[in-house]
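Student: Structure of the sequence below:
(one chain, ligands or ions: 1)
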Amino acid sequence: MAKEVVCPPCGKAIRGEHDDELVANVINHAKVHGHELGDTDRSQILSEAREI
Ligand SMILES: [Zn+2]
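Tutor: From the prediction side, this is the model:
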């Protein structure tokens, strides 16, 4: 089941085909766009994700 989270700073939807890919994409997106992830961790990312 693919999942999606919306990046709070820029509103972009970030998707992954599974949990690991979603988390990796979120971390990569934050790096590329210069967002601070702060104390956001894997479980927090997944708790905010919705299935698509
Ligand atoms: Zn963003």
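Student: Now do the helices in this protein.
Tutor: 19-33, 42-48 (DSSP state H).
Student: pLDDT averaged over the last one - what is it?
Tutor: The average of the pLDDT scores along helix 42-48 is 96.
Student: which residues are contacting it?
Tutor: Helix 42-48 is contacted by residues K3, V5, D19, L22, V23, V26 when judged by C-beta atoms under 8 Å, 6 or more residues apart in numbering. Just so you know, the C-beta spots here come from the backbone N, C-alpha and C atoms, and that holds for glycine as well.
Student: Of the helices of the chain, give the one that comes closest to P9.
Tutor: Smallest distance to P9 across these (C-beta to C-beta): 7.4 Å, for helix 19-33.
Student: Which positions in the closest one come out as buried?
Tutor: By neighbour count with 16 or more other C-beta atoms under 10 Å, helix 19-33 contains the buried residues L22, V23, N25, V26, I27, H29, A30.
Student: who's in contact with the nearest residue to M1 once chain neighbours are set aside?
Tutor: Nearest residue to M1, sequence neighbours excluded (C-beta to C-beta, 6 or more residues apart in numbering): E51, at 5.0 Å. Contact partners of E51, counting by C-beta under 8 Å, 6+ apart, are M1, A2, K3, E4.
Student: of the residues you listed, buried ones?
Tutor: Buried among those (16+ other C-beta under 10 Å): K3.
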